[in-house]
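Engineer: based on what follows, work out the 3D shape:
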Amino acid sequence: MDTSIGSSGGRATMGSQRLSGGLGPGAIVFMVVAAAAPLTVVAGVVPAGITLGNGAAYPAAYVACTAVLLLFAAGFTAMSRHVKDAGAFYTYIAKGLGRKVGVGSAMLALVTYATVQLAVWGYIGFAIDDLLTSHSGPHLPWWVWSLVCMAVVGWLGYRNIDLSGKVLGVLLVSEVLIVLLVNAFIVGKGGGPEGISTAAFQPSQFFNGAPGIALTFAIAGYIGFEATAIFRDEARNPDRTIPRATYLALVVIGVFYAISSWALVSAFGDSAVVDQIGAGKGIVSVAKSFVGSGASDLVQVLLVTSLFAAALAFHNVLARYVHALGKSGVLPQRFGATHEYHVSPHVASVVQSLAALVWFAICVVAGLDPVAEIFTWFAGVAAVGVIVLMGLTSAAVIVFFRQRPGLTSRWHSLYAPALGGLGLIVFLAMTIQNLPLLVGGSTAIAWCVGIGLVLSFVVGFTLAQIRPHVANDILEETAA
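Structural biologist: Numbers count the residues shown, from 1 in each chain. A predicted model of the protein is given here:
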């Protein structure tokens with residue numbers, strides 16, 4: 001789950017000067033992987049994938065996702081050489097498939113990031129309450145802590161204040177290290193009562209339960225890997241560095257989550273992991289059992305900081321989406337205003353905060369559980385949106401290079417994006433087939449989810465259709 005896009009403060013706009021630097025693949029991979037909220041994924045996404053997906057075989061979903069996304073990345077990185085100002089999937093989609101599809105994709109992206117942020121708001125309230133009550137602190141309704149965090153993030157977003165990159169860097173690296181430490185202890189002790197897990201190594205086990213849901217949650221851990229392209233202007237020899245960084249980031253993310261989820265399954269056992277996680281156990285209890293109480297305390301603290309960093313970054317992402325769409329005329333132009341003193345998208349930030357508050361209040365009034373329902377449902381919905389966006393990007397890559405023959409090899413221009421797109425279509429079909437399981441077994445809610453995502457795209461496409469003057473800046477920025 002990405003926590004980096006848009007977190008730079010937004011001062012570098014379309015009209016600002018290009019950045020420069022000499023970053024190599026390793027430096028770029030470090031920034032992308034460190035910003036992927038690894039502990040949030042291991043503590044929240046992995047348990048959901050195990051219980052709702054294919055159980056003990058869930059780690060294999062990361063292998064499948066990595067393979068498909070490496071194919072996707074071949075076309076994506078080839079196109080990045082010709083999209084110099086590319087910072088989001090919808091830019092690629094607009095350049096390949098046209099302004100209308102680009103605007104539709106922008107609206108879909110807006111809804112996608114809004115749902116994943118809502119997921120974080122649910123989890124962070126639960127995580128803070130769990131941290132405090134487990135250490136004799138005050139017990140308040142979980143949503144109180146979520147509202148406090150929303151207020152702080154809203155204030156930071158309005159004033160264009162980001163937390164220190166060095167502080168976040170230390171915390172995010174600490175997340176990775178604590179997870180690796182727990183993994184090492186689990187493997188070193190030979191796993192739990194059943195020993196080391198073998199389910200992920202048996203292909204037949206992968207199709208148990210709902211493998212489509214497993215793939216949906218697995219792909220959520222990769223959201224933001226495309227941020228490697230954002231560092232193009234700061235990379236040393238970008239035409240070589242960006243592809244290498246992208247491939248390396250995918251492999252590192254895939255291996256990290258595959259091993260971490262496999263270790264978690266091993267801690268409980270293949271036959272018991274679904275019941276154990278369903279009973280509320282996870283990385284915190286495993287850390288306490290295999291490493292010690294100090295490790296579990298550290299996991300709890302770092303989980304809160306991980307979630308807060310993710311919430312702030314997603315707020316910045318959404319505010320800048322709203323701001324850009326306001327400037328483009330897709331949304332009211334007032335949303336595209338910039339604060340005179342803070343140089344922030346202050347109107348868009350307020351709009352985004354109010355919208356998040358409304359949807360969060362609806363969830364609270366409806367009595368939804370902060371983890372089992374708010375986090376799980378909306379993180380899954382966001383992953384579905386991302387799969388669609390990447391599928392459209394694959395199509396855009398093929399069309400883009402077909403219209404400009406000779407720019408790159410057939411592998412990068414056709415075969416790899418076609419195979420990656422086919423894999424994404426399979427993922428999407430499997431997800432749709434099991435969509436009711438993603439939202440608590442309700443077919444009605446599943447239909448609402450699907451219709452909502454489709455409508456977001458249709459609204460954007462229709463706006464571009466009936467208002468030819470909107471989003472012309474997309475065409476300008478994506479001119480060949």
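Engineer: tell me who's in contact with Q276.
Structural biologist: 268-269 (CB atoms under 8 Å, 6 or more residues apart in numbering). Where you see a C-beta, it was placed from the backbone N, CA and C, and this is true even at glycine.
Engineer: OK, contacts around T443?
Structural biologist: By CB under 8 Å, 6+ apart, T443 lies in contact with P436.
Engineer: next: Q117.
Structural biologist: 311, 314-315, 318, 356.
Engineer: with I178 instead?
Structural biologist: By CB under 8 Å, 6+ apart, the contact list for I178 reads 39, 287, 295, 298-299, 302.
Engineer: from those, which is closest to A78?
Structural biologist: Closest to A78 out of the contacts of I178 is L39 (33.1 Å), distances taken as CB to CB.
Engineer: which other helices and strands contact the helix or strand hosting the closest one?
Structural biologist: Using DSSP states H and E, L39 falls within helix 38-40. Contacts defined by 3 or more CB pairs under 8 Å, 6 or more residues apart in numbering; DSSP states H and E place helix 38-40 against helix 165-188, helix 238-268, helix 293-328.
Engineer: buried sites along it?
Structural biologist: Using 16 or more other CB atoms under 10 Å as the test for burial, helix 38-40 gives 38-40.
Engineer: check the contacts of I178 and tell me the two furthest apart.
Structural biologist: Maximum pairwise distance in the contacts of I178, criterion CB to CB, is 12.4 Å, between L39 and A295.
Engineer: now the helices and strands packed on helix 38-40 in CSV, please, with extra columns for distance to V350 and mean pLDDT.
Structural biologist: CSV is the format used below for those (distance: least, CB to CB, whole Å; pLDDT from 0 to 100):
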stretch, distance to V350, mean pLDDT
helix 165-188, 24, 85
helix 238-268, 34, 91
helix 293-328, 9, 87
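Engineer: A74 is nearest to which of these?
Structural biologist: Among the helices and strands packed on helix 38-40, helix 238-268 comes nearest to A74, with 8.0 Å by CB to CB.
Engineer: which elements pack onto that closest one?
Structural biologist: Here helix 238-268 touches helix 25-34, helix 38-40, helix 46-52, helix 59-80, helix 165-188, helix 273-278, helix 283-290, going by 3+ CB pairs under 8 Å, 6+ apart.
Engineer: for these, give me CSV that also has distance to W262.
Structural biologist: Formatted as CSV, those follow (distance: least, CB to CB, whole Å):
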stretch, distance to W262
helix 25-34, 18
helix 38-40, 15
helix 46-52, 10
helix 59-80, 4
helix 165-188, 9
helix 273-278, 11
helix 283-290, 13
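Engineer: quick one: which of those is nearest D130?
Structural biologist: For D130, the closest of these is helix 283-290, at 7.9 Å, according to CB to CB.
Engineer: mean confidence score for the closest one?
Structural biologist: For helix 283-290, mean pLDDT rounds to 94.
Engineer: which residues does that helix contact?
Structural biologist: For helix 283-290, the surrounding residues in contact (CB under 8 Å, 6+ apart) are 39, 42-43, 130, 178-179, 182, 185-186, 189, 264, 267-268, 295-296, 298-300, 303.
Engineer: go on, stretch 411-419?
Structural biologist: 71-72, 74-78, 394-395, 397-398, 401-402, 407.
Engineer: return the member of the residues you listed nearest to L215.
Structural biologist: Among these, F72 lies closest to L215 (CB to CB), at 13.9 Å.
Engineer: isn't the closest one up against F427?
Structural biologist: No: checked against CB atoms under 8 Å, the pair F72 and F427 is beyond contact range at 10.9 Å.
Engineer: check contacts around V304.
Structural biologist: By CB under 8 Å, 6+ apart, the neighbours of V304 are 124, 127-128, 131.
Engineer: thinking again about what came up before, tell me which of the helices and strands packed on helix 238-268 sits nearest to A249.
Structural biologist: Among those, helix 25-34 comes nearest to A249, with 4.8 Å by CB to CB.
Engineer: in the helix or strand containing I398, what's buried?
Structural biologist: When elements are assigned from DSSP H and E, I398 belongs to helix 376-402. In terms of neighbour count (16+ other CB under 10 Å), helix 376-402 has its buried residues at 376-401.
Engineer: elements contacting that helix?
Structural biologist: Helices and strands touching helix 376-402, by 3+ CB pairs under 8 Å, 6+ apart, are helix 46-52, helix 59-80, helix 89-97, helix 99-133, helix 211-220, helix 416-433, helix 435-438, helix 443-466.
Engineer: how about a markdown table for the ones you listed, with distance to T241 added?
Structural biologist: Converted to a markdown table, the helices and strands packed on helix 376-402 look like this (distance: least, CB to CB, whole Å):
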| stretch | distance to T241 |
| --- | --- |
| helix 46-52 | 31 |
| helix 59-80 | 10 |
| helix 89-97 | 19 |
| helix 99-133 | 26 |
| helix 211-220 | 25 |
| helix 416-433 | 19 |
| helix 435-438 | 37 |
| helix 443-466 | 33 |
